Structures are given as C-alpha cells and as structure tokens.
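Engineer: for reference, the sequence and a predicted model appear below.
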Amino acid sequence: MKKCPPKKDLTLGLFIVAAGVFILLGKLGVFGFLGRTLWPLLLLLPGLLLHVLYFGRRFSATILIPAGILTVYGLLFLICSFWGWDLMRSLWPLLILGIGVGLYEYYAFETPRPGAALPMAVGLILLSAVIFIFTWLEAGAFYVIALVLIAAGIWLIYGRNRRRGSKWSRGW
C-alpha cells in the first residue's frame, strides 16, 4: 500500500508546480500576448456589468450612459486588437457612436424620459454614421458600392419579373 504524502507537502508541491508553470508561461510570452490582445475586456466587461446591474434593478438608468460607452469602446478596441489597429483609421467614428448609444439607452429606459437626451443621442449617432460613411468611401468603398448597385440593377431587371402574380409582371 502506498502512503499518501502529508497534506503540507502536497500543498507546497502544488504551489511549486503552479509557480513553475506560471514562470514558464511568462517566459514563453503567453501573458504578454494576453495582455496586448485582451486588454479591451477591461472596458467591455465593466460595461456589460453595468448593464446587468441596471437590468437587475440595482442602479438607476443614469448608469446606462457609461455602460453603453464602455461596451461600444470595448467592442471597438477588441476588434482592433484582433484584426489590427489600422482598422481604427476607418472605425474611429464608433467612438462618437459609443456616446450616442449610452445617451440613447439612458433615454429609452429612464422614466420620465429626459427631453434633451434623445436629440443629443440621435445627433451623435447620425454624426457617427455620416463620418463613418465618408471615411468608408475614402477607403475605397466605391468598389463595394458599385458592386451593390450592379447587383441591385440586375435584381430589378431579372429578379422582380420572375415573381408570379405581381403587379410588375402583369404590366401594370
């Protein structure tokens, strides 16, 4: 029969093995990679937590302003962290969108509805969309727009006439 080591030795042994694994992973760059790649979770998780706290009836709707901002920023930075920070050249209008989302959530869930929050939220969201479109156009999206227009034209020419019984196929 094998004799089990004393509990003190087992705990010390596990601690030493864990320290060795921790040092080895650090030397292999695992923690540096995780820190460089997953740091946006430090914004995303608190944003999601603030949403949970509001919907769990722990805070007022005012907490949704930073919750929306942190969530949008966390997602933006996570996308850039995974697919490259050059994306920020065309995705930076999402920084304005984050503020608009936070204000809109506040407007949607606060009672009575705050009067100034909706126009500010809609204005920021539209501003973000317009800037995003112009940034996207500058980045060579004309090719995508051209392809979408060609596809829409082909659909109008061939796709709509194939429907049976529609007013277009009857020559209306």
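Structural biologist: The structure has been received and is ready for your questions. Numbers count the residues shown, from 1 in each chain.
Engineer: pLDDT below threshold where in this protein?
Structural biologist: Applying pLDDT under 70 to the chain flags residues 1-5, 139-141, 160-172.
Engineer: got the phi and psi for the residue nearest the centre of it?
Structural biologist: Residue closest to the mean C-alpha point of the chain, counted by Cα atoms, centre = their mean, is residue 75 at 2.8 Å. Main-chain dihedrals, residue 75, degrees, to the nearest 10: phi -60, psi -40.
Engineer: give the other helices and strands that the host helix or strand of residue 35 contacts.
Structural biologist: Using DSSP states H and E, residue 35 maps to helix 30-38. Packed against helix 30-38 by the contact rule (3 or more Cβ pairs under 8 Å, 6 or more residues apart in numbering; DSSP states H and E) you find helix 64-83. C-betas here are computed from N, CA, C, even on glycine.
Engineer: which helix or strand lies directly C-terminal to the helix it packs on?
Structural biologist: Next along the chain after helix 64-83, taking DSSP H and E as the criterion, comes helix 88-91.
Engineer: who does whatever helix or strand comes next after that following helix touch, helix- and strand-wise?
Structural biologist: Using DSSP H and E, the next helix or strand after helix 88-91 towards the C-terminus is helix 94-109. The contact analysis (3+ Cβ pairs under 8 Å, 6+ apart) places helix 94-109 against helix 64-83, helix 117-136.
Engineer: the residue nearest to the centre of the chain touches residue 44, doesn't it?
Structural biologist: Yes. Contact status for residue 75 versus residue 44: in contact at 6.3 Å, counting by Cβ atoms under 8 Å.
Engineer: who touches stretch 112-128?
Structural biologist: Under the contact criterion Cβ atoms under 8 Å, 6 or more residues apart in numbering, stretch 112-128 has outside partners 93, 94, 96, 97, 99, 100, 101, 103, 104, 106, 107, 110.
Engineer: just the buried members of these?
Structural biologist: Buried residues within the contacts of stretch 112-128, counting neighbours by 16 or more other Cβ atoms under 10 Å: 93, 94, 96, 97, 99, 100, 101, 103, 104, 106, 107.
Engineer: for those residues, which one is nearest residue 137?
Structural biologist: residue 93 (12.4 Å; Cβ to Cβ).
Engineer: residue 104 versus that closest one, what's the distance?
Structural biologist: According to Cβ to Cβ, to the nearest Å, residue 93 stands 16 Å off from residue 104.
Engineer: try residue 136
Structural biologist: Where residue 104 is concerned, residue 136 sits at a distance of 22 Å (Cβ to Cβ).
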